[in-house]
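Visitor: Predicted coordinates and the sequence they were generated for:
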Amino acid sequence: MDIHKLYHLFLPYFRSKRLHRFFQLLAPSPKTLLLDVGGYPWVWEGAKFPGRVIQSNLSFPPAIRKGYPQDLLVVADGLKLPFDDQSVDIGFSNSVIEHLHSFDNQKLFAAELRRVARQLWVQTPARWFWIEPHLMTPFIHFLSKPMQRRMLRYFSIWGLVKKPTRQEIDAFLSEVRLLTAGDMRVLFPDCEILRERVLGFTKSFIAVRLDHHRPRGTLH
């Protein structure tokens, strides 16, 4: 079975709730220009976003290049975005910042989003939630990296379904760095950090910055 088919059993539920909250708080209009860093157009399919969405990613599959306006596809590194300061209305990123290998890279990514966008919406899984979302396995991400390296292949749903090689396991452990609430406050000092909760536990964080005319402390 493809691991992505398992993800799609539950991801649409959380994504729809998250987008509903996004529309409520940021209230985009037909004039809104949104920059989605690290995403793909299918995130917005059916979302009825009223404005324009620019997709920025390291690469795009051929199917997307054929079926999506080329001027709205930008091949770029999220650590060095080719956009002017405050040139887009909303900077958006969903479950990307945890895939950048190091806290230094995460700082660069956050700084670039804060630089180019007037408003922000940046979501990432919470480090201390009891299920690791990429592995779909409880508690395994609380172990040391050497312990995870030994266990991921046979003691995680990701490992059992994907059957990764040793190199793929090492690549995953090098790539994914989940964030805490403290990390998010450091990365996004001018944002409010919202929490998505499941059964009372914080599943994800969302850094939100509204326009500069709206005072902080007004998000619910």
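Guide: Here it is on my side, so go on.
Visitor: Give me the distance between the two termini of stretch 64-75.
Guide: End-to-end distance for stretch 64-75, by C-alpha to C-alpha, to the nearest Å: 12 Å.
Visitor: State the mean pLDDT of it.
Guide: The average of the pLDDT scores along stretch 64-75 is 89.
Visitor: Buried residues of it, list them for me.
Guide: Neighbour counts over stretch 64-75 (16 or more other C-beta atoms under 10 Å) mark 68, 73-74 as buried. Placement of C-beta: from N, CA and C, glycine included.
Visitor: What of stretch 195-204?
Guide: Across stretch 195-204, burial judged by 16+ other C-beta under 10 Å covers 196, 202-204.
Visitor: and what of stretch 71-87?
Guide: Going by 16+ other C-beta under 10 Å, stretch 71-87 has these buried residues: 73-74, 78, 81, 83.
Visitor: Run through who's touching it.
Guide: For stretch 71-87, contacts defined as C-beta atoms under 8 Å, 6 or more residues apart in numbering pick out 35, 37-38, 52-60, 64-65, 93, 96, 100, 105, 108-109, 112-113, 115-118.
Visitor: Just the buried residues out of these, in PyMOL syntax.
Guide: Entered in PyMOL, the line below selects the buried ones among these, by 16+ other C-beta under 10 Å:
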select buried, resi 35+37+38+52+53+54+55+56+57+60+93+96+100+108+109+112+113+116+117+118
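Visitor: Go through the contacts of stretch 71-87 and flag which are in strands.
Guide: 35, 37, 52-57, 93, 117-118 (DSSP state E).
Visitor: ok, so of these, who is nearest residue 167?
Guide: Distance ranking of those against residue 167, using C-beta to C-beta, places residue 57 first at 23.4 Å.
Visitor: So that closest one sits against residue 35, correct?
Guide: No: the pair residue 57 / residue 35 is not scored as a contact, 11.2 Å apart, by C-beta atoms under 8 Å.
Visitor: Touching both of these two, which residues are there?
Guide: The contact sets of residue 57 and residue 35 do not overlap (C-beta under 8 Å, 6+ apart).
Visitor: Flag every buried residue along the helix or strand harbouring residue 24.
Guide: Using DSSP states H and E, residue 24 maps to helix 11-26. Buried positions in helix 11-26, judged by neighbour count with 16+ other C-beta under 10 Å: 15, 18-19, 21-22, 25-26.
Visitor: Which one of those is nearest to residue 158?
Guide: Checking the buried residues of helix 11-26 against residue 158 by C-beta to C-beta gives residue 15 as the nearest, at 19.5 Å.
Visitor: Please report the distance of that closest one from residue 123.
Guide: In this view, residue 15 and residue 123 are 10 Å apart by C-beta to C-beta, to the nearest Å.
Visitor: and what of residue 23?
Guide: Counting by C-beta to C-beta, the gap from residue 23 to residue 123 is 14 Å.
Visitor: Pull the residues that contact stretch 49-56.
Guide: Under C-beta under 8 Å, 6+ apart, the answer for stretch 49-56 is 28-41, 44, 68, 72-76, 78, 81, 88-89.
Visitor: for the nearest residue to residue 18 once chain neighbours are set aside, what are its contacts?
Guide: In space, not counting the residues next to it along the chain, residue 18 is nearest to residue 123; the distance is 6.5 Å by C-beta to C-beta, 6 or more residues apart in numbering. Contact partners of residue 123, counting by C-beta under 8 Å, 6+ apart, are 18, 93-95, 196, 204-207.
Visitor: how far does stretch 94-108 stretch from start to finish?
Guide: Stretch 94-108 stretches 16 Å from its first residue to its last (C-alpha to C-alpha).
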